[in-house]
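Q: after the sequence you'll find the predicted model.
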Amino acid sequence: MPIDHFLRAQIALSLAALCCSNAFGQSQTDLTETQVNPEIDAHWQLPEQWRVLGYAGLQQGVDYSYQQWYAAFGLGYQFKRFLFPHMQNIDPDKEHYWLFGLGYEYLRTIQTGKTKDENRITADITPGFRLPGEFLIRDRNWIEFRWINGAYSTTYRNQLSVEHDVLIEQFHFNPYLSAEAFYDGQKHSWNEYWYTVGIYWPYQHVFMLDTYYRRENCPTCTPAYWNTVGLNFNFYFSEK
């Protein structure tokens, strides 16, 4: 597919996602809210295909009393590197067929005057595949062992994503789409779904900006629906 046709398709898909979510939100005005989500991520590549990841961020409601601070730290192992010719990804995790991770996350949520503290132990397995045409498909399987104000619960998350490497006169960027489903172990049901469209903007091998729009649907939550605008600042370091 020519690059200009691909970009037009991406723009059309993004507009369609935004229009659909806005239309859906208008039909459920009392249930839909908007939030912004800035985040900073630090990736440290270690020898022997190990990496350390740390991140911190804020989810802030717009015209709604909601604020969530979070921070996390994790260790990952990358297995079996892609060897065939392709555009190199700035994130070493995405240069391997398999990623195994283990981490800890702390969250503090303040909503309508009530405070909730949460501790999580997380484990994830992510297979990835390179397809012809510079496409990358990944399927992240994530388990959260959660203690919310001392009460234990478990959540399983499955995220399927596809991204495409685009190079225009030495300018490299990656449009992407993802869909994520949540299984609540306490409620024994799939109760939450996230749909994301965004673009990664890498700079050399040290920095990448991630801009995205995400629609969050959770009929059993309050509020039930979120429109989220995100901005992630990713920094990459290496022992080499």
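A: Great, that's in hand.
Q: helices or strands next to the top strand by length along the chain in the packing?
A: Ranked by residue count and defined by DSSP state E, the top strand of the chain is strand 114-131. In terms of contacts (3 or more CB pairs under 8 Å, 6 or more residues apart in numbering; DSSP states H and E), strand 114-131 is packed against strand 66-81, strand 96-111, strand 135-148. Using the backbone N, CA and C atoms, a C-beta is placed for each residue, glycine as well.
Q: can you list the strands that the helix or strand that the last one is followed by pairs with?
A: So the one you mean is strand 135-148. The C-terminal neighbour of strand 135-148 among helices and strands, as given by DSSP states H and E, is strand 151-164. Taking DSSP bridges as the criterion, strand 151-164 pairs within the sheet with strand 135-148 (antiparallel), strand 171-184 (antiparallel).
Q: for the protein, what helix or strand is lowest in average pLDDT?
A: Within the chain, no helix or strand scores below helix 3-27, which has a mean of 48 by mean pLDDT, DSSP states H and E.
Q: just the angle for whichever helix or strand comes after that one relative to strand 66-81, thanks.
A: Counting by DSSP H and E, the element after helix 3-27 in chain order, helix or strand, is strand 32-45. Per axes from the mean of the first three to the mean of the last three CA atoms, to 10 degrees, the angle that strand 32-45 makes with strand 66-81 is 40 degrees.
Q: just the buried residues of whatever helix or strand comes next after strand 32-45, please?
A: For strand 32-45, the succeeding helix or strand toward the C-terminus, using DSSP H and E, is strand 50-62. Neighbour counts over strand 50-62 (16 or more other CB atoms under 10 Å) mark 51, 53, 55, 57, 59, 61 as buried.
Q: ok, now how distant is the closest residue to the last one other than its chain neighbours from residue 62?
A: What that stands for is residue 61. Spatially, and ignoring its direct neighbours in sequence, residue 61 is nearest to residue 35 (5.0 Å; CB to CB, 6 or more residues apart in numbering). Separation of residue 35 from residue 62 (CB to CB, to the nearest Å): 6 Å.
Q: neighbours of the residue nearest to residue 43 when sequence neighbours are not counted, how many?
A: Excluding the flanking residues, the one nearest residue 43 by CB to CB, 6+ apart is residue 236, at 4.8 Å. Per other CB atoms under 10 Å, the neighbour tally for residue 236 reads 20.
Q: what's the answer for residue 79, then?
A: 11.
Q: same question for residue 206.
A: 12.
Q: so it sits against residue 236, correct?
A: Yes. If you go by CB atoms under 8 Å, residue 206 and residue 236 touch, sitting 5.6 Å apart.
Q: what's in contact with the helix or strand the residue nearest to residue 43 falls within?
A: Per DSSP H and E: residue 236 is located in strand 225-238. Residues outside strand 225-238 that contact it (CB atoms under 8 Å, 6 or more residues apart in numbering): 21-22, 24-25, 28, 31-45, 57, 59, 90-91, 198, 205-218.
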